[in-house]
Every structure is written in C-alpha cells, then in structure tokens.
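> one predicted model, sequence on top.
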Amino acid sequence: MIYRLRHVTTYAYASPVDLAAHLLLLTPRRLPHQSVARATLAITPTPSHVTEATDHFGNLATRAFLDVPHAKFEVIAEALVEVRFPDPPAIAATPAWAEVAEAARLSPAAEFVFPSALAPLVPGATGYAAASFPAGRPVLAGLLELMARIRRDFTYKPGVTGPNTQVSEVLQSRTGVCQDYAHVMISGLRGLGLPARYVSGYVRTRPPPGGVARRGADQSHAWVEAWLGPAHGWVGLDPTNDIVVRDEHVVLAWGRDFADVSPLRGVILGGGEHGLWVGVDLEEADARVPA
C-alpha cells in the first residue's frame, strides 16, 4: 500500500519566543517492508541551524535551533511511503511464551524487557497480561488474545489522559487513547519477561471500501511491537484497533515508551502560554514508490 503523508504541527505563543531548540522524530523509518520515496520537513521560522542523526534506536532525529523572535512555530512533515509488513507466522509455529522469555535474556531484544519511565513493571498490568499466557501457550496466541482483550476491556476516550499518564492510572480508569493502550500492553508483557517496544507512527485516515474507520487516525498513532523469538523476530500489534500491523500503518520511530519517540519536543525561552494544533492525513497514493 502506498501512502501520502502530511503531518502539520503548529504552536501559537502568547508572547514571542526568543530562543528555541527542538528535537523532531517526524521522518518515517526506512525498513525492509517500508520504503520511503521522499520525506521533507518544512520548519517556520527557518532555523539558524539544523542537524540530522540517528538515535540509539535507529530513528532519524532532526534537531533545529531558532534564534529569531517568533510568535508561531510550525512544522510540516510530508512523505511518500510504501508499506507491506509480512503476515505473522502461523500461531502453532511460534514457540511457547516462556521459551521466548528465556531466549530474550541473551538477545539484543533484551533491552525491551526492562521497565521504563512510562512502561514500568506494574503488578496489575502483569496480572492482566498473565491471563492470556498459560503455561505452554504459543507466544503469538497469547499476544493476539491480550491485544483483543485490551481493545474490548478499555474505553477509547481522548482528553482524559496526557503524555505522562501512568499505567496504574489507566488500569484503574480503563480509559485512554492509543498511547495508553500501548503502555498497558508493554508493561504487562515486560512483567512476563517478554520484549515489547513502543512504536510511533500513523494509521490510515480513511478505511478501505467496506472497511472500518480506525481509532487514532487524523493524528499521531501508537502501537506495540512484540518479539516472537530469534526465528520470527518482531510483530506489530495495534491494541487500539485489535489488528496486526500489515499495510495500514506507517512507522515513524520506536523506543521503550512514548518518552523515547515523542514526535516533537523542545526547550524555549519566552512564549508564555501557548496553543497547539496538530493535523495528520495519511491517504492512499497512486504512484508506485521506486525501489
């Protein structure tokens, strides 16, 4: 599937900002199953200095420094991307989940077993996840059931949580958005010793003909990648929509939790109160992405 992406972020300040330094993770990753034909960032006002480098997780990070007074800051990210992530293996072909947890200890995936600031080890999350992982169950069977349970048991409700909402709070309220669904699932899996990482990106804005509109469209989206062991690697799971990631998602970045992959963050001098507007369109495109 080929998509044309446009992501606009606009900050309006009550008083001018004199100096600003911003970190942007807004360029889609180039992956074996995700081709990026082009990707651009338009920043207003024009930064005095811009650098690009990959971070610890391999995400392309753009750093922009502004030293002119400005009452408005805007970033327009545009890209043309082709995606087709492979279908997961047959459930019976995946190892028992305890075998995956054991194998993770000596694998590069081990860094995604440890707790992080927004996906800590929470007994309630571990217990919730454990119900899907009885002894001997194939790891993919447990993952798919856990994803479906989160979609069923939690209420999708924007505005009730924020970027720093803790897993324990979400478990208590059973409400939140894609970020919260992902953190709950990651926390639960890590509590069982299973590697899980947080993925930032997008889900298609409009469903295919006859399809169902996806939760989390028209904005940045988040989901989970879980490790199936050394033979099968990672699989993308979207608990907000209860779907395996195949051809409806575009990956921006991944890390331990949202704090590692916030699309835009920064430090400013001045500004006072501010307003924020974000708009995202991920629309099907016509042209084929060059190899």
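Nice, thanks for sending it over. Numbering: from 1, shown residues only.
> switch to C-alpha atoms for all contacts and neighbour counts from now on
Will do.
> so for the chain, the centremost residue is which one?
Most central residue of the chain, judged by C-alpha distance to the mean C-alpha position with CA atoms, centre = their mean, is Ser200 at 2.0 Å.
> which non-adjacent residue is nearest that one?
In space, Ser200 comes closest to Ala222 once its chain neighbours are excluded; the distance is 4.7 Å by CA to CA, 6 or more residues apart in numbering.
> in a strand, that neighbour, correct?
Yes: secondary structure assignment places Ala222 in a strand (DSSP: H, G, I helix; E, B strand; the rest coil).
> list the contacts for it?
178-179, 182, 198-202, 238 (CA atoms under 8 Å, 6 or more residues apart in numbering).
> from those residues, which land in helices?
178-179, 182 (DSSP state H).
> just the buried members of those residues?
Neighbour counting over the ones in helices among the contacts of Ala222 (16 or more other CA atoms under 10 Å) leaves 178-179, 182 as the buried ones.
> the ones in helices among the contacts of Ala222 into TSV, with extra columns for pLDDT and distance to Ala119?
Formatted as TSV, those follow (pLDDT from 0 to 100; distance: CA to CA, whole Å):
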residue	pLDDT	distance to Ala119
Cys178	96	14
Gln179	97	11
Ala182	98	9
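> can these go into JSON lines with extra columns for distance to Leu80?
Shown next, in JSON lines, are the ones in helices among the contacts of Ala222 (distance: CA to CA, whole Å):
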{"residue": "Cys178", "distance to Leu80": "24"}
{"residue": "Gln179", "distance to Leu80": "25"}
{"residue": "Ala182", "distance to Leu80": "26"}
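> tell me the one of these nearest Pro263?
Checking those against Pro263 by CA to CA gives Gln179 as the nearest, at 12.7 Å.
> give me the three-state assignment for the spatially closest residue to Gly193 that is not a sequence neighbour.
What sits nearest to Gly193 in space, not counting adjacent residues and going by CA to CA, 6+ apart, is Ala101, at 5.1 Å. Judged by three-state DSSP, the three-state class of Ala101 is helix.
> so Ala101 makes contact with Arg190?
No: when contacts are counted by CA atoms under 8 Å, Ala101 is not listed as touching Arg190 (9.2 Å).
> can you report how many residues neighbour Met185?
30 (other CA atoms under 10 Å).
> and the helices in this structure?
Ranges of helices within the chain are 97-104, 123-130, 139-153, 167-173, 178-191, 258-261, based on DSSP H.
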